[in-house]
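Novice: fold the following.
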Amino acid sequence: MTRRTRFTTSSIIDLDSVTCSTDPEEAIGFAERGTIIKLSSSNPFLDLVRSRSDLKFLRKEGEVLYFVKL
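Specialist: Sure thing, here's the model as predicted:
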């Protein structure tokens, strides 16, 4: 069951993925509004994600954190 919010989207950027972790700031910058950003709490880019004003924290599931692009 999918929980719908005003940020429901089909796009997820996984910053723990090898292909996304080379330049996460660029990936986030080019992401569309409503895109979900997913990363683990041990990801070295967590501080970068938390410091961005265009991202809002959504939830934590275990060690995985979810943000949404505003």
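
Novice: quick check: next helix or strand after the lowest-mean-pLDDT helix or strand in the chain?
Specialist: The weakest-scoring helix or strand in the chain, judged by mean pLDDT, DSSP states H and E, is helix 24-30 (a mean of 87). Later in the chain than helix 24-30, the nearest helix or strand by DSSP states H and E is strand 36-40.

Novice: show me what that following strand packs onto, helices and strands only.
Specialist: strand 12-14, helix 46-51, strand 64-69 (3 or more CB pairs under 8 Å, 6 or more residues apart in numbering; DSSP states H and E). Any C-beta I mention is one placed from the backbone N, CA and C, and that applies to glycine too.

Novice: quick one: strands adjacent to that strand?
Specialist: With DSSP bridges as the test, strand 36-40 is paired with strand 12-14 (parallel), strand 64-69 (antiparallel).

Novice: out of these, which gets the lowest mean score?
Specialist: For the strands paired with strand 36-40, mean pLDDT drops lowest on strand 12-14, to a mean of 90.

Novice: which residues does that strand contact?
Specialist: Under the criterion CB atoms under 8 Å, 6 or more residues apart in numbering, residues C20, A27, I28, A31, T35, I36, I37, K38, L39 lie in contact with strand 12-14.
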